[in-house]
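Student: prediction below, plus the sequence it came from.
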Amino acid sequence: MTTPALSPAQANLKLALWQVDADSMSSSDLFVWLNDSGLPLEVTTRLHQLVTYTKKTGHKVIAIGKIILIKIIEFVQANRNLVMGMAVGVATGFLANAIPFAGPFLAPIATLLGVTIGAISGHHLDQGHRQYEGITGVAQSLIEIAQEFFKLFIDVINIVFNNIVTA
(Lines give C-alpha, C1' and ligand atoms only; values in the text may rest on other atoms or scores of the structure.)
Protein backbone atom coordinates (compact mmCIF):
# COMPACT_ATOMS: atom_id res chain seq x y z
CA MET A 1 0.00 0.00 0.00
CA THR A 2 1.58 3.27 -1.14
CA THR A 3 1.40 6.22 1.21
CA PRO A 4 0.26 9.37 -0.61
CA ALA A 5 2.77 12.21 -0.69
CA LEU A 6 2.20 14.93 1.84
CA SER A 7 1.71 18.51 0.78
CA PRO A 8 4.26 20.99 2.15
CA ALA A 9 1.64 22.29 4.61
CA GLN A 10 0.87 18.76 5.87
CA ALA A 11 4.59 18.01 6.16
CA ASN A 12 5.20 21.22 8.09
CA LEU A 13 2.32 20.45 10.45
CA LYS A 14 3.50 16.90 11.05
CA LEU A 15 7.07 18.06 11.63
CA ALA A 16 5.84 20.75 14.03
CA LEU A 17 3.92 18.11 16.01
CA TRP A 18 6.97 15.86 16.08
CA GLN A 19 9.07 18.82 17.24
CA VAL A 20 6.61 19.43 20.09
CA ASP A 21 7.05 15.77 21.12
CA ALA A 22 10.83 16.16 20.90
CA ASP A 23 10.73 19.34 22.99
CA SER A 24 8.56 17.67 25.63
CA MET A 25 11.03 14.82 26.18
CA SER A 26 14.30 15.75 27.81
CA SER A 27 17.60 14.34 26.71
CA SER A 28 18.06 12.74 30.11
CA ASP A 29 14.65 10.99 29.84
CA LEU A 30 15.74 9.48 26.50
CA PHE A 31 19.03 8.36 28.02
CA VAL A 32 17.23 6.73 30.95
CA TRP A 33 14.86 4.90 28.58
CA LEU A 34 17.77 3.68 26.46
CA ASN A 35 19.70 2.61 29.55
CA ASP A 36 16.70 0.85 31.11
CA SER A 37 15.95 -1.00 27.85
CA GLY A 38 18.93 -3.28 28.48
CA LEU A 39 21.07 -2.10 25.58
CA PRO A 40 24.84 -2.23 26.02
CA LEU A 41 26.30 1.05 27.31
CA GLU A 42 28.15 1.68 24.03
CA VAL A 43 24.93 1.39 22.00
CA THR A 44 23.07 3.57 24.51
CA THR A 45 25.80 6.21 24.31
CA ARG A 46 25.84 6.18 20.48
CA LEU A 47 22.06 6.45 20.23
CA HIS A 48 22.05 9.22 22.82
CA GLN A 49 24.59 11.14 20.71
CA LEU A 50 21.97 11.18 17.96
CA VAL A 51 19.85 13.43 20.20
CA THR A 52 22.27 16.31 19.72
CA TYR A 53 21.86 16.43 15.91
CA THR A 54 19.78 19.42 14.86
CA LYS A 55 19.13 21.23 11.60
CA LYS A 56 18.21 24.87 11.11
CA THR A 57 15.36 25.45 8.65
CA GLY A 58 14.41 29.04 8.13
CA HIS A 59 14.08 30.56 11.59
CA LYS A 60 13.49 27.23 13.35
CA VAL A 61 15.87 24.67 14.77
CA ILE A 62 14.57 21.13 14.28
CA ALA A 63 15.80 18.39 16.61
CA ILE A 64 16.13 15.80 13.84
CA GLY A 65 18.17 13.35 15.89
CA LYS A 66 15.76 13.48 18.80
CA ILE A 67 12.75 13.03 16.49
CA ILE A 68 14.33 9.99 14.82
CA LEU A 69 15.23 8.47 18.19
CA ILE A 70 11.69 9.03 19.50
CA LYS A 71 10.28 7.34 16.37
CA ILE A 72 12.62 4.37 16.90
CA ILE A 73 11.46 4.13 20.53
CA GLU A 74 7.81 4.27 19.43
CA PHE A 75 8.44 1.48 16.89
CA VAL A 76 10.15 -0.68 19.52
CA GLN A 77 7.35 -0.09 22.04
CA ALA A 78 4.68 -0.94 19.45
CA ASN A 79 6.53 -4.07 18.28
CA ARG A 80 8.34 -5.38 21.36
CA ASN A 81 8.08 -9.05 20.44
CA LEU A 82 9.19 -8.44 16.87
CA VAL A 83 12.28 -6.56 18.05
CA MET A 84 13.01 -9.19 20.70
CA GLY A 85 12.67 -11.97 18.13
CA MET A 86 15.11 -10.20 15.84
CA ALA A 87 17.56 -9.74 18.71
CA VAL A 88 17.40 -13.47 19.47
CA GLY A 89 18.10 -14.13 15.79
CA VAL A 90 21.18 -11.91 15.84
CA ALA A 91 22.38 -13.65 19.00
CA THR A 92 21.93 -17.00 17.23
CA GLY A 93 24.28 -15.77 14.51
CA PHE A 94 26.89 -14.73 17.07
CA LEU A 95 26.64 -18.13 18.75
CA ALA A 96 26.99 -19.93 15.42
CA ASN A 97 30.13 -17.92 14.74
CA ALA A 98 31.71 -19.50 17.84
CA ILE A 99 31.60 -22.98 16.28
CA PRO A 100 35.18 -23.97 15.38
CA PHE A 101 36.03 -24.08 11.65
CA ALA A 102 32.44 -24.01 10.32
CA GLY A 103 31.25 -21.06 12.41
CA PRO A 104 32.27 -18.30 9.99
CA PHE A 105 30.37 -20.08 7.21
CA LEU A 106 27.30 -20.91 9.30
CA ALA A 107 26.97 -17.55 11.07
CA PRO A 108 25.47 -15.56 8.15
CA ILE A 109 22.92 -18.31 7.45
CA ALA A 110 22.07 -18.71 11.13
CA THR A 111 21.70 -14.95 11.52
CA LEU A 112 19.46 -14.64 8.47
CA LEU A 113 17.25 -17.54 9.51
CA GLY A 114 17.25 -16.49 13.16
CA VAL A 115 16.30 -12.88 12.42
CA THR A 116 13.61 -13.92 9.93
CA ILE A 117 12.05 -16.57 12.16
CA GLY A 118 12.39 -14.34 15.24
CA ALA A 119 10.79 -11.39 13.46
CA ILE A 120 7.90 -13.51 12.19
CA SER A 121 7.33 -15.12 15.57
CA GLY A 122 7.50 -11.77 17.34
CA HIS A 123 5.18 -10.17 14.81
CA HIS A 124 2.64 -12.96 15.32
CA LEU A 125 2.78 -12.43 19.08
CA ASP A 126 2.43 -8.65 18.67
CA GLN A 127 -0.64 -9.21 16.47
CA GLY A 128 -2.16 -11.73 18.88
CA HIS A 129 -1.73 -14.74 16.59
CA ARG A 130 -0.50 -17.96 18.13
CA GLN A 131 -0.06 -20.22 15.10
CA TYR A 132 1.27 -19.95 11.58
CA GLU A 133 -0.97 -20.15 8.53
CA GLY A 134 1.54 -22.01 6.33
CA ILE A 135 3.93 -20.47 3.84
CA THR A 136 1.36 -17.87 2.82
CA GLY A 137 1.08 -16.71 6.44
CA VAL A 138 4.85 -16.46 6.72
CA ALA A 139 5.08 -14.43 3.52
CA GLN A 140 2.22 -12.20 4.66
CA SER A 141 3.97 -11.63 8.00
CA LEU A 142 7.20 -10.64 6.26
CA ILE A 143 5.30 -8.18 4.08
CA GLU A 144 3.50 -6.68 7.10
CA ILE A 145 6.80 -6.33 8.99
CA ALA A 146 8.45 -4.61 6.04
CA GLN A 147 5.46 -2.31 5.57
CA GLU A 148 5.45 -1.25 9.23
CA PHE A 149 9.17 -0.56 9.30
CA PHE A 150 9.43 1.19 5.96
CA LYS A 151 6.30 3.26 6.60
CA LEU A 152 8.03 4.67 9.67
CA PHE A 153 11.29 5.15 7.77
CA ILE A 154 9.63 6.83 4.77
CA ASP A 155 7.52 9.12 6.99
CA VAL A 156 10.58 10.33 8.88
CA ILE A 157 12.69 10.86 5.77
CA ASN A 158 9.91 12.55 3.76
CA ILE A 159 8.94 14.95 6.49
CA VAL A 160 12.43 15.87 7.64
CA PHE A 161 13.93 16.29 4.18
CA ASN A 162 10.83 17.86 2.66
CA ASN A 163 11.04 20.61 5.26
CA ILE A 164 14.81 21.03 4.95
CA VAL A 165 14.78 21.23 1.15
CA THR A 166 11.85 23.66 0.96
CA ALA A 167 13.12 25.95 3.73
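Tutor: Cool, got the structure.
Student: contacts only, for M25.
Tutor: K66, I70 (C-beta atoms under 8 Å, 6 or more residues apart in numbering). To be clear about C-beta, it is placed using only N, CA and C from the backbone, and glycine gets the same treatment.
Student: now the spatially most central residue of the chain: closest residue in space that isn't a chain neighbour?
Tutor: Centroid-nearest residue in the chain, with C-alpha atoms, centre = their mean: I72, separated by 4.4 Å. Closest residue to I72 apart from its sequence neighbours, by C-beta to C-beta, 6 or more residues apart in numbering: L47 at 7.9 Å.
Student: and that neighbour, how many neighbours?
Tutor: By other C-beta atoms under 10 Å, the residues close to L47 number 20.
Student: mind listing what's buried in the helix or strand containing it?
Tutor: Assigned by DSSP states H and E, L47 belongs to helix 41-50. Neighbour-count burial for helix 41-50, with 16 or more other C-beta atoms under 10 Å as criterion, is recorded at T44, L47, H48.
Student: CSV for those residues, including pLDDT?
Tutor: Listed next are those as CSV, based on pLDDT from 0 to 100:
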residue, pLDDT
T44, 80
L47, 81
H48, 80
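Student: tell me the one of those residues nearest L152?
Tutor: Nearest to L152 among these is L47, at 16.0 Å by C-beta to C-beta.
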